[in-house]
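Student: Give me coordinates for this.
(one chain, ligands or ions: 1)
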Amino acid sequence: MITCEEAARLISDSLDRKLPLRQRVALRMHLLMCKFCPTFRQQLILLRDAASRYREEAYTPP
Ligand SMILES: [Zn+2]
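Tutor: Model prediction:
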């Protein structure tokens, strides 16, 4: 079982690149058993989503 700290790192990594199967499985197990990390993951996804939208809008010419 990985720690929340490791899970947080894997969550963040998984948004940037495809994780190796072993890490994906470890993260999935952790997300099923932990009640904090799924929320953290959701927030991170929303945040990144908002950030990328903001960047797109900022760089769109008028
Ligand atoms: Zn956790």
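
Student: Flag every buried residue along the helix or strand encompassing A51.
Tutor: Assignment of secondary structure by DSSP states H and E places A51 within helix 37-59. Within helix 37-59, the residues that count as buried by 16 or more other C-beta atoms under 10 Å are 37, 40-41, 44. C-beta coordinates here come from the backbone N, C-alpha and C atoms, glycine included.

Student: anything in it sitting right up against the ion?
Tutor: Yes - contact of helix 37-59 with the ion (C-beta under 5 Å from the ion) involves C37.

Student: who does that helix touch, helix- and strand-wise?
Tutor: If you count contacts as 3 or more C-beta pairs under 8 Å, 6 or more residues apart in numbering; DSSP states H and E, helix 37-59 packs onto helix 4-16, helix 21-33.

Student: What angle do helix 4-16 and the last one make with each other?
Tutor: Spelled out, it's helix 21-33. With axes from the mean of the first three to the mean of the last three C-alpha atoms, to 10 degrees applied, the angle from helix 21-33 to helix 4-16 works out at 120 degrees.
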